[in-house]
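Q: no sequence on this one, just coordinates:
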């Protein structure tokens, strides 16, 4: 199960209802933080989550509303006895920014921090991989995808009826191989099923560009910034952001299954439905999140 917690859903200026941008993805021991806006560590507490379980931080870009929470989070980890290596990924310039940040503050305690600038696939295990793509926002900026790989799974109910022993035979089945046990042949296709991959895309701050649709193609979940209503399309273009309508058009063209709208301007605090309606005119399976919402996929 993949759990996604929206720690902050505002745009550049937070409101009483929405904190600065930050999203936590939890999967099988990995806790991946996408952006770390001001107040993120406090949002961890409100969500009853332990920040010391954080394994990786993905930085979309170095505008303050996406990174001002990093110093406080790093200090909290040190004071809490964080004993892992913290991996931080971001666009071009991230190594310099992190070096300057670490030289600006007096941190108590310490732990290994590894910083990597990414463009393309940058981390992979047997179960999932992470990939980045450069976006257009006036400064170096990345979008990210998390892909849980599709795998061959054994049908437990059919396995029970077959009375096959565990061990090497089952490993062969998982690899799609037919097996023979006590003179009887068992076809892998009759005892297994293919679990489809799961793709979650994060597009946090960008203007409309030719790369987005292909990068987020076939997302099970597309999480996309929607700072403006389509009536402010010209202003969105000026500030290199997306409208809710543009986000929905990306979802439709990319054949994504579900669109999540975030990075919402405070101008819509009293009527957030206006943003949602703007998106649903094009892509009906659009949803608007608020701080501390949790999704399972």
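A: Alright, I've got the coordinates. Note that the structure is a prediction, hence the values are computed from the model and not measured.

Q: residue contacts, the residue nearest to the spatial centre of the chain?
A: With distances taken as CA atoms, centre = their mean, residue 202 lies nearest the centre of the chain, 5.2 Å away. With contact set as CB atoms under 8 Å, 6 or more residues apart in numbering, residue 202 has these partners: 23, 34, 58, 60, 143-146, 223. Where C-beta positions appear, they are placed from N, C-alpha and C, glycine not excepted.

Q: I figured residue 65 was touching residue 11, is that so?
A: Yes: look at residue 65 against residue 11 with CB atoms under 8 Å: they come within range, at 7.0 Å.

Q: how about residue 5, phi and psi?
A: Residue 5 adopts backbone torsions of phi -110, psi 130, taken as degrees, to the nearest 10.

Q: would you mind checking the contacts of residue 202 for buried ones?
A: With neighbours counted by 16 or more other CB atoms under 10 Å, the contacts of residue 202 contain buried members at 23, 34, 58, 60, 143-146, 223.

Q: against residue 207, how distant is the closest residue to residue 217 other than its chain neighbours?
A: Excluding the flanking residues, the one nearest residue 217 by CB to CB, 6 or more residues apart in numbering is residue 254, at 4.7 Å. According to CB to CB, to the nearest Å, residue 254 stands 17 Å off from residue 207.

Q: same thing with residue 260?
A: 19 Å.

Q: got it, and residue 84?
A: Taking CB to CB, one finds residue 84 at 36 Å from residue 207.

Q: between these two, which one's more packed in?
A: Neighbours per residue (other CB atoms under 10 Å) separate residue 84 from residue 207, with residue 207 holding more: 18 against 12.

Q: helix or strand: which one has the more buried one?
A: Element membership for residue 207 (DSSP states H and E) is empty, with no helix or strand holding it.

Q: contacts only, for it.
A: Residue 207 makes contact with 135-137, 236-237, 240-242, according to CB under 8 Å, 6+ apart.

Q: swap in residue 6?
A: Contacts of residue 6 by CB under 8 Å, 6+ apart are 23, 262, 289-295.

Q: got it, and residue 79?
A: With CB under 8 Å, 6+ apart, residue 79 has these contacts: 108-109.

Q: confidence score at it?
A: Note for residue 79: predicted pLDDT of 93.

Q: how near is it to residue 41?
A: 11 Å.

Q: what's the answer for residue 135, then?
A: Distance from residue 135 to residue 41, by CB to CB: 26 Å.

Q: settle it for me: which of these two has more neighbours?
A: More crowded of residue 135 and residue 41, by other CB under 10 Å: residue 135, with 24 against 21.

Q: distance check, the more buried one against residue 31.
A: Distance from residue 135 to residue 31, by CB to CB: 24 Å.

Q: again, but for residue 156
A: The gap separating residue 156 from residue 31 is 29 Å, by CB to CB.

Q: for these two, indicate the residue with more neighbours.
A: residue 31 (19 against 9).

Q: specify the beta-bridge partners of the more buried one.
A: residue 26 (DSSP bridges).

Q: which of the residues in the helix or strand hosting residue 44 are buried?
A: Taking DSSP H and E as the definition, residue 44 sits inside helix 40-46. Judged by neighbour count using 16+ other CB under 10 Å, the buried positions of helix 40-46 are 40-44.

Q: ok, these vs residue 119, which is closest?
A: residue 40 (24.6 Å; CB to CB).

Q: does the closest one really touch residue 10, like I thought?
A: No: counting by CB under 8 Å, residue 40 sits too far from residue 10 to count as a contact (11.8 Å).

Q: what's the burial count for residue 188?
A: For residue 188, the count of nearby residues is 16 (other CB under 10 Å).

Q: just to check, it is in contact with residue 171?
A: No: using CB under 8 Å, residue 188 and residue 171 do not qualify as a contacting pair, with a distance of 11.4 Å.

Q: please name the residues that touch the residue nearest to residue 148 when sequence neighbours are not counted.
A: Closest residue in space to residue 148, ignoring its immediate chain neighbours: residue 198 at 4.1 Å, by CB to CB, 6+ apart. Residue 198 makes contact with 2, 147-148, 220, 297, according to CB under 8 Å, 6+ apart.

Q: looking at those residues, spot the one nearest residue 211.
A: Closest to residue 211, out of all of the contacts of residue 198 and judged by CB to CB, is residue 147, at 17.1 Å.
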